[in-house]
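*Asks:* Just a sequence and a predicted model for now, questions to come.
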Amino acid sequence: MITRFSIPALAFLLAAAATGRAGEAVSAPAGAPAPPVESGGRPAGWLATTFGYTHQFETDVDGSDTAFSADRWQLEAGTRIPFSDAFAVAIGLEAEWSQYEFDRFGSVGDGLAAPADDLFSTQAGAIGFYEINESWELVAGGSISWGGDLDADFEDGLGATGLLGLTYRFTPNFSLTPGVLALSRLEDDALVIPVIGMDWQINNVWRLRSIGPGAELTWQASDQWGFFLRGLYRSRDYRLAPDASQPSGVLRERTFPLSLGVEWKPNASVTAAVFGGAIVGGRLELQEEDGRSVFDEDYDVTPIAGGSLKILF
């Protein structure tokens, strides 16, 4: 059971929803706990840290001469605290630095200068698991996030997400978690939607699970080597600085990356991974401070590549 990296607030909650029992090893969200099964026999509550990097190659924005690329660095840390055999809490922190490089931004931005190259996001969250009986478990939690230029007004970049769900374990290897998700969005109405989490340990080597607004199939070829196929949706919202060309506006990038990767685990405390793939559905949007759209355009399919290093303490 392997904690993944670079998962947004939505996935942070949903990936945690399809879990094992509160007193046992669980499938953890990004930046949340390292399961005891991964920690070489250490008790629950040890710290897990993940360092990740992704390069998004240059792509063209539809209807314009604009092109851009991005480099992203991620840091996640988390732990899982069991208060009793029936109740546990996962706590996690995620931070991401995105370095954009825009070319001819004014073509799509109606003559505006490009936003700051360096944009940041961070989130902190907690989610609780209460085991009602052998089959049922209550899941509830939330996260607070911030995204934007470091010179942006802090309070204008804040967001929040909350989840309430109920897990039903059909077998020890298969569970579903229907629930309700509520999340705020910068310069847009809050969203309240039904969601479902899933975790299926197909056999000793194959596993299929939801990771927020997406899914992941893993093959554990040996104790040291594993492979994964992953697809998920992500939306990044950044509040711009008051002195930006679009003062206090919002830059939003929505992506659907598909990736294939390999993991190497030389010992119980270290896992290294590399991956490659493509963003098959990408969209870039710029909004004014009051929410009016300056542009909202798709961009071409673009390759991605990256890696991560996870260390358990």
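*Replies:* Arrived safely. Residues are numbered from 1 along each chain as shown.
*Asks:* show me where the stretch 51-200 of the chain has strands.
*Replies:* 67-82, 87-103, 118-131, 136-148, 158-171, 174-185, 188-201 (DSSP state E, counting those that start in this stretch).
*Asks:* do you know which of those lies nearest Ile311?
*Replies:* With Cβ to Cβ as the measure, strand 67-82 is the member of these nearest Ile311 (10.0 Å). Just so you know, the C-beta spots here come from the backbone N, C-alpha and C atoms, and that holds for glycine as well.
*Asks:* what about the residue of the chain positioned farthest from its centre, distance to Ile202?
*Replies:* What lies farthest from the middle of the chain is Gly111; by Cα atoms, centre = their mean that is 32.8 Å. From Gly111 over to Ile202 the distance is 54 Å, taken as Cβ to Cβ, to the nearest Å.
*Asks:* Also Arg72?
*Replies:* 31 Å.
*Asks:* quick one, which of these two is more surrounded?
*Replies:* Arg72 (20 against 13; other Cβ atoms under 10 Å).
*Asks:* Give me the distance between the more buried one and Val180.
*Replies:* Distance from Arg72 to Val180, by Cβ to Cβ: 30 Å.
*Asks:* next one: Val195
*Replies:* Distance from Val195 to Val180, by Cβ to Cβ: 7 Å.
*Asks:* isn't Gly282 right next to Arg236, touching?
*Replies:* No - contact criterion Cβ atoms under 8 Å: Gly282 and Arg236 do not qualify, at 11.1 Å.
*Asks:* can you list residues touching both of those two?
*Replies:* Listed as contacting both Gly282 and Arg236 by Cβ atoms under 8 Å, 6 or more residues apart in numbering are Glu253, Arg254, Thr255.
*Asks:* Would you mind giving those as a markdown table with pLDDT, distance to Ala215 and neighbour count added?
*Replies:* Output for those, formatted as a markdown table (pLDDT from 0 to 100; distance: Cβ to Cβ, whole Å; neighbours: other Cβ atoms under 10 Å):
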| residue | pLDDT | distance to Ala215 | neighbour count |
| --- | --- | --- | --- |
| Glu253 | 95 | 21 | 21 |
| Arg254 | 93 | 18 | 17 |
| Thr255 | 94 | 16 | 20 |
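*Asks:* rewinding a little: for the residue farthest from the centre of the chain, give me the pLDDT.
*Replies:* For Gly111, the pLDDT comes out at 90.
*Asks:* Next one: Ile132 from Val139, what distance?
*Replies:* 11 Å.
*Asks:* do the same with Ala114
*Replies:* Taking Cβ to Cβ, one finds Ala114 at 41 Å from Val139.
*Asks:* out of those two, which sits in the more crowded spot?
*Replies:* Val139 (23 against 18).
*Asks:* Just give me the neighbour total for the closest residue to that one other than its chain neighbours.
*Replies:* Leaving aside its chain neighbours, Val139 sits nearest to Gly165 (4.4 Å; criterion: Cβ to Cβ, 6 or more residues apart in numbering). By other Cβ under 10 Å, the residues close to Gly165 number 26.
*Asks:* Please name the residues that touch Gly165.
*Replies:* Taking Cβ under 8 Å, 6+ apart, we find Gly165 in contact with Ala17, Leu138, Val139, Ala140, Thr177, Pro178, Gly179, Val180, Val195, Gly197.
*Asks:* Among the residues you listed, which one sits closest to Asp149?
*Replies:* For these, the residue nearest Asp149 by Cβ to Cβ is Val195; the value is 30.6 Å.
*Asks:* ok, so what distance separates that closest one from Ala88?
*Replies:* 21 Å.
*Asks:* Return the residues in contact with the nearest residue to Thr66 once chain neighbours are set aside.
*Replies:* In this structure, Thr66 finds its nearest non-sequential neighbour in Val108, 4.1 Å apart by Cβ to Cβ, 6+ apart. Applying Cβ under 8 Å, 6+ apart, we find Val108 in contact with Val61, Gly63, Ser64, Asp65, Thr66, Leu284, Phe295, Glu297.
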